[in-house]
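S.K.: this one's structure only:
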């Protein structure tokens, strides 16, 4: 890998590492808090059956309201001692790296001597060009070769590198979608609008997961169609490989929240009734 591409890749990794570390720690603490809340929910439901005997609709509503209020207070206490980021912060942190990624990719593209603008890159009818003085060319791209490719400023006409990137990116997205699917939000303690909102969010996340899984294929097609230089494709392969390595490495170093079976409290039997 050329020095310019390696230098840009190293800088992006240093920028992305703290974000990934913070997100992983917050996700681990949230999963632990969710399991604790689920265990307390079962305990409160068992207590509610005793405080509000079943059989009447009014008692059922009182029990439901009492369990919800107790869980709300318990969640606040858990988060106070086991603080974590709100769930909406994680995607925001993930999206915050996109401008850095786009800037780095465009910088390498200009260093390879590509004078096309972003619009003319994908729409051939646009003949506008960029100012080459903003990012000077890297002479090494014109002299270094890579196996069947004469120089790193030229595209891969055999499409081997773009397809390699597409496979790696698809696998990376698929692993993230699979991990997100395993972290199902506990909605059994929610009621009414809150539960419907959670169900809608789950369905939306499922739809977005299909779209995200298909995005690498679309992006690979755009890379081939726009004849991006080999240096840019090498940078994309490097960033994707780095993400595939650092996620399991962080999980191994920091650990993951171990899942344990929820404790089912045995309901007390009335006096005189024989337990089966």
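M.R.: Ah, there it is. None of the values given here were measured: they were computed from a predicted structure.
S.K.: state the mean pLDDT of stretch 179-188.
M.R.: Here stretch 179-188 scores 58 as its mean pLDDT.
S.K.: ignore the last one, stretch 64-84
M.R.: Rounded mean pLDDT across stretch 64-84 is 83.
S.K.: next, the buried residues of it.
M.R.: 64, 66-68, 70-71, 74-75, 78, 84 (16 or more other C-beta atoms under 10 Å). All C-beta atoms are positioned from the backbone trio N, CA, C, and that covers glycine.
S.K.: any low-confidence regions in this protein?
M.R.: The chain contains residues with pLDDT under 70 at 1-17, 54-55, 116-141, 143, 180-206, 208, 254-276.
S.K.: 80 instead?
M.R.: Where the chain drops to pLDDT under 80, the residues are 1-28, 30-31, 50-60, 82-146, 152-153, 176-213, 246-276.
S.K.: can you show me the helices along it?
M.R.: Taking DSSP state H to define them, one finds helices in the chain at 3-51, 57-81, 89-96, 98-111, 118-122, 139-143, 160-182, 193-226, 230-254.
S.K.: for residue 154, find the nearest of the ones you listed.
M.R.: Closest approach to residue 154 among the helices of the chain is made by helix 230-254 (6.5 Å; C-beta to C-beta).
S.K.: what is the closest one packed up against?
M.R.: helix 3-51, helix 98-111, helix 160-182, helix 193-226 (3 or more C-beta pairs under 8 Å, 6 or more residues apart in numbering; DSSP states H and E).
S.K.: redo these as CSV? Include distance to residue 253.
M.R.: Shown next, in CSV, are those (distance: least, C-beta to C-beta, whole Å):
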stretch, distance to residue 253
helix 3-51, 9
helix 98-111, 24
helix 160-182, 17
helix 193-226, 26
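S.K.: turn the ones you listed into TSV, including mean neighbour count and distance to residue 240.
M.R.: Shown next, in TSV, are these (neighbours: other C-beta atoms under 10 Å; distance: least, C-beta to C-beta, whole Å):
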stretch	mean neighbour count	distance to residue 240
helix 3-51	16	11
helix 98-111	17	11
helix 160-182	17	4
helix 193-226	13	9
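S.K.: nearest to residue 244, out of those helices?
M.R.: Closest to residue 244 of the helices and strands packed on helix 230-254, according to C-beta to C-beta: helix 160-182, at 5.5 Å.
S.K.: quick check: angle from the closest one to helix 89-96?
M.R.: 170 degrees (axes from the mean of the first three to the mean of the last three C-alpha atoms, to 10 degrees).
S.K.: from residue 147, how far out is residue 156?
M.R.: Residue 156 sits 10 Å away from residue 147, going by C-beta to C-beta, to the nearest Å.
S.K.: what about these two, which has more around it?
M.R.: Taking neighbours as other C-beta atoms under 10 Å, residue 156 and residue 147 compare with residue 156 leading, 22 against 8.
S.K.: which phi and psi does that one have?
M.R.: Main-chain dihedrals, residue 156, degrees, to the nearest 10: phi -90, psi 100.
S.K.: okay but it is in contact with residue 231, surely?
M.R.: No. Contact between residue 156 and residue 231 fails when scored by C-beta atoms under 8 Å: they sit 10.8 Å apart.
S.K.: pretty sure residue 230 contacts residue 153?
M.R.: Yes. The criterion here is C-beta under 8 Å, and residue 230 meets it with residue 153 at 7.5 Å.
S.K.: what do these two both touch?
M.R.: Overlap of the contact sets of residue 230 and residue 153 (by C-beta atoms under 8 Å, 6 or more residues apart in numbering) is empty.
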